[in-house]
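Enquirer: Return atomic coordinates for the entry below.
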Amino acid sequence: MTTSNDIKEKCFESIQDLFKKYENNEYMLQRIHSHVVNYLPSVLDNELKNHEKRMNRNMYLTNEQQIFIQVFLNKNQYYYLPNNNCFYEYNGKNYFIIKDDDIIHKLLSSISKERILLQWKHKTKFNILKQIKERSLFSSIPETDTIQNVLNVLYPYIFTTKDQAKYFLTILGDNILKKNQNLIFLANSKIKKMLSEIDTISYFSIGFTNITNNFIIKYHENHSYDNCRLIKVNENSSIDLWKDTLIKNGLDLICVATHYSNRYENSDNYLNTKADEELKNYSYYLKNVPHQEIISKFCSKCFQTINNDSNTTKIEWKNVHFIWKQFISSLSLPNMIYSNTLKNLLKETFSYDELSDSFINITSKYLPIESDFIKFWGKTIVINESEEFSQNLEEELEIDELCMLFKNWVKQNNEEVLLSSGNISEENVVKILKHFFPNIEIIEDKYVLNISCTMWNKNKDIIKSLEFIKNEFKKNEFVALISFDDAYNYYVKFCNSKSYKFIISKRYFEKYLYSKINEHIVYEKFIETEWLIDN
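Expert: Model (predicted):
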């Protein structure tokens, strides 16, 4: 490496060589003197000024380029998959395959329109294409409209609840991302045609094959119960009725599936942290519940004993067997017990009369859930009607958040609740609210406005996360703007680090930012870096 002393010595040597060369030439000695004394200082001054101008210009263009790239990639959400060398675009509603030539054309048109980066258009093009190739399609975050459109494809046509549809999508995402490959998913034969269509869509849109190969229709004794999960499917579904809709939304479905897999880590974690208790228990049935316990649950849910010495109250075996079939059908469970084995197991619990082939002193029963949810609502939900609140951020809870809070409330309070308590669906919650609380404002059967829950202060969680988010961005001195997506990802990271039970939706997080730091928001979904030092 050349040092400053080396440079000096070479310069001195060069001048000495010139003096030596022209030591007998008075004219050339005068020219050397003139160049060194008169011209060289001004030339160097000009060189320095031009260098500083170029450096300042480069710094300015570098900053403008970074802002341009960040804004361009946010407004034009392009992604890439290396396995099939395909580019993708997301317009905020749908995903579709796009040619790289179309991306380049739009990019160069944008550069020409703004003109600032004309000198760097090829350099900017290279940097943007490089960044796009680093943005996997499977890392994209779909907007609410896209997610709801995909859920509407699956619910209620294939799955009877949105939770079931979300669970299925998370499984599909796991398969695409090569997670939980040891698991087997047992489903009704109704789903077979749909799985075939999804495999076809996957092959032509993302180049992946057999992403549904761990779904099976019939249980086999070679499958380990520990690795089996049950998939509940709408018995009345028909693939032929919505096949075209599935194909049309196929790429959207795949992207929502990988988003759910990324968001919830894997399908088992979705069951353990997000799914309602009914779906969780059902999916884990073969893993967690021995035959004896299934019989016990059947007895406790479907029958009630009566102290009656006359033995006049009884239910014939054929009716008990029918109730059993209805019981496992309602839970979409495979019939894992032969009828004679079932009968003998029931004899250990209930009295049995051989002559009439009946179980005596028992009746059937039905247990509702509405009263438990109303109790939960009365004890934990706060309705905000004050004028002060209406002028501030309108707090809200989503229907699936209410389901999640209700589930946790049941666990925390150890109530003497019904068998199905905590197993409430989003559809049931909407029906309960509309019937028992008609003054509550519900938007799109999804958002309940102007309410909060004593179990979860959503705004407080966001406030706690903001300092963490600021510190994370302060570590990167080259950040020009902060995207909402990056801020939300750090919010999720903060919540996970603190083991928070609940995580707000991206929609509400953005709503909070618009309300509280609107003065720092630019380009619709970016935060100025000045916010990092704003107290």
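
Enquirer: Could I get the buried residue list for the helix or strand hosting Y27?
Expert: Counting by DSSP states H and E, the element that carries Y27 is helix 26-33. Neighbour counts over helix 26-33 (16 or more other C-beta atoms under 10 Å) mark I32 as buried. Placement of C-beta: from N, CA and C, glycine included.

Enquirer: For that helix, name the packing helices and strands.
Expert: Using 3 or more C-beta pairs under 8 Å, 6 or more residues apart in numbering; DSSP states H and E, the elements in contact with helix 26-33 are helix 4-21.

Enquirer: so where do the strands sit in the stretch 301-450 of the chain?
Expert: 303-305, 314-316, 351-353, 358-360, 362-364, 381-383, 396-398, 442-443, 447-449 (DSSP state E, counting those that start in this stretch).

Enquirer: a markdown table please, covering the ones you listed and showing mean neighbour count.
Expert: Below are those laid out as a markdown table (neighbours: other C-beta atoms under 10 Å):
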| stretch | mean neighbour count |
| --- | --- |
| strand 303-305 | 15 |
| strand 314-316 | 18 |
| strand 351-353 | 15 |
| strand 358-360 | 21 |
| strand 362-364 | 15 |
| strand 381-383 | 14 |
| strand 396-398 | 20 |
| strand 442-443 | 13 |
| strand 447-449 | 17 |
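
Enquirer: Worst mean pLDDT among those?
Expert: Note on the strands of the stretch 301-450 of the chain: strand 362-364 shows the lowest mean pLDDT, a mean of 73.

Enquirer: How many neighbouring residues does the closest residue to D485 other than its chain neighbours have?
Expert: Nearest residue to D485 in three dimensions, chain neighbours excluded: I141, at 5.8 Å (C-beta to C-beta, 6 or more residues apart in numbering). For I141, the neighbour count with other C-beta atoms under 10 Å is 17.

Enquirer: helix/strand/coil for I141?
Expert: Per DSSP: H, G, I helix; E, B strand; the rest coil, the secondary structure class of I141 is coil.

Enquirer: what does Y80 give?
Expert: Y80 ends up strand, using three-state DSSP.

Enquirer: Find me the pLDDT at the closest residue to it other than its chain neighbours, would you?
Expert: Leaving out its chain neighbours, the residue that sits closest to Y80 by C-beta to C-beta, 6+ apart is K133, at 4.7 Å. Per-residue pLDDT puts K133 at 94.

Enquirer: which ones are touching the nearest residue to F359 once chain neighbours are set aside?
Expert: If the residues on either side of it in the chain are set aside, F359 comes closest to F350, at 4.5 Å by C-beta to C-beta, 6+ apart. With contact set as C-beta atoms under 8 Å, 6 or more residues apart in numbering, F350 has these partners: 299, 303, 305, 359-362.

Enquirer: quick one: F350 from L333, how far?
Expert: Taking C-beta to C-beta, to the nearest Å as the measure, F350 falls 21 Å from L333.

Enquirer: how about S205, what does it touch?
Expert: S205 sits next to 97, 250-251, 254 when contact means C-beta under 8 Å, 6+ apart.

Enquirer: Am I right that it sits in a helix?
Expert: Yes - according to three-state DSSP, S205 belongs to a helix.

Enquirer: before we move on, the earlier item: centre of the chain to the next helix or strand after the helix holding Y27, how far?
Expert: Counting by DSSP H and E, the next helix or strand C-terminal to helix 26-33 is helix 40-75. Counting by C-alpha atoms, centre = their mean, to the nearest Å, helix 40-75 is centred 40 Å from the centre of its parent chain.

Enquirer: Now do the buried residues in helix 40-75.
Expert: Neighbour counts over helix 40-75 (16+ other C-beta under 10 Å) mark 61, 64-74 as buried.

Enquirer: Over to stretch 74-92?
Expert: For stretch 74-92, a neighbour-count test (16+ other C-beta under 10 Å) marks 74, 76-81, 86-90 as buried.

Enquirer: from these, which two are the most distant?
Expert: N74 and C86 (21.0 Å; C-beta to C-beta).

Enquirer: Domain-wise, how is this protein divided?
Expert: According to automatic domain parsing, the chain comprises the domains 18-139, 144-286, 289-364, 370-453, 458-533.

Enquirer: what's the most buried one of those domains?
Expert: Of all the domains of the chain, domain 144-286 carries the top mean neighbour count, a mean of 19, counting by mean count of other C-beta atoms under 10 Å.

Enquirer: and that one, how far out from the chain's middle?
Expert: Centre-to-centre, domain 144-286 and its host chain are 15 Å apart (C-alpha atoms, centre = their mean).

Enquirer: what do you get for stretch 347-365?
Expert: Taking C-alpha atoms, centre = their mean, one finds stretch 347-365 lying 50 Å from the centre of the chain it belongs to.

Enquirer: ok, back up a step: just put the domains of the chain in JSON lines and tack on distance to D6.
Expert: What follows is the domains of the chain, written out as JSON lines (distance: least, C-beta to C-beta, whole Å):
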{"stretch": "domain 18-139", "distance to D6": "19"}
{"stretch": "domain 144-286", "distance to D6": "55"}
{"stretch": "domain 289-364", "distance to D6": "81"}
{"stretch": "domain 370-453", "distance to D6": "65"}
{"stretch": "domain 458-533", "distance to D6": "33"}
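
Enquirer: List just the nearest of the buried residues of helix 40-75 to L177.
Expert: When the buried residues of helix 40-75 are ranked by distance to L177 (C-beta to C-beta), L73 comes first, at 22.7 Å.

Enquirer: if I look at that closest one, how far off is M59?
Expert: L73 is 21 Å from M59, where distance means C-beta to C-beta.

Enquirer: The residue nearest to Y80 contacts N85, doesn't it?
Expert: No - using C-beta atoms under 8 Å as the test, K133 is too far from N85 to be in contact (9.5 Å).

Enquirer: okay, the nearest residue to I323 once chain neighbours are set aside: pLDDT?
Expert: Spatially, and ignoring its direct neighbours in sequence, I323 is nearest to C302 (5.6 Å; C-beta to C-beta, 6+ apart). Note on C302: pLDDT of 83.

Enquirer: Same check on the one 5 residues further on?
Expert: The predicted local confidence for N307 comes out at a pLDDT of 74.

Enquirer: Might you report the residue contacts of it?
Expert: N307 neighbours (C-beta under 8 Å, 6+ apart): N361.

Enquirer: circling back: tell me the one of the buried residues of helix 40-75 nearest E277?
Expert: For the buried residues of helix 40-75, the nearest to E277 is N74 (39.1 Å; C-beta to C-beta).

Enquirer: residues in contact with the nearest residue to the closest one once chain neighbours are set aside?
Expert: Distance criterion C-beta to C-beta, 6+ apart; nearest residue to N74, sequence neighbours excluded, is S483 at 5.8 Å. Contact analysis of S483 by C-beta under 8 Å, 6+ apart lists 70, 74, 525-527.

Enquirer: Please report how far L137 lies from K75.
Expert: Distance, L137 to K75, by C-beta to C-beta: 18 Å.

Enquirer: Equivalent analysis for W317, please.
Expert: 69 Å.

Enquirer: go on, E143?
Expert: Computed with C-beta to C-beta, the distance linking E143 and K75 is 14 Å.

Enquirer: next one: N272
Expert: Taking C-beta to C-beta as the criterion, N272 is separated from K75 by 37 Å.

Enquirer: where does the nearest residue to I442 once chain neighbours are set aside sit relative to T454, distance-wise?
Expert: Sequence neighbours aside, V448 is the residue nearest to I442 in space, at 5.5 Å (criterion: C-beta to C-beta, 6+ apart). Computed as C-beta to C-beta, the V448 to T454 distance reads 15 Å.

Enquirer: cool, and S283?
Expert: Distance from S283 to T454, by C-beta to C-beta: 30 Å.

Enquirer: next one: Q181
Expert: Using C-beta to C-beta, we find Q181 at a distance of 42 Å from T454.

Enquirer: Tell me where the stretch 151-300 of the chain has helices.
Expert: 162-176, 192-206, 239-248, 250-264, 267-273, 277-283, 285-288, 291-302 (DSSP state H, counting those that start in this stretch).
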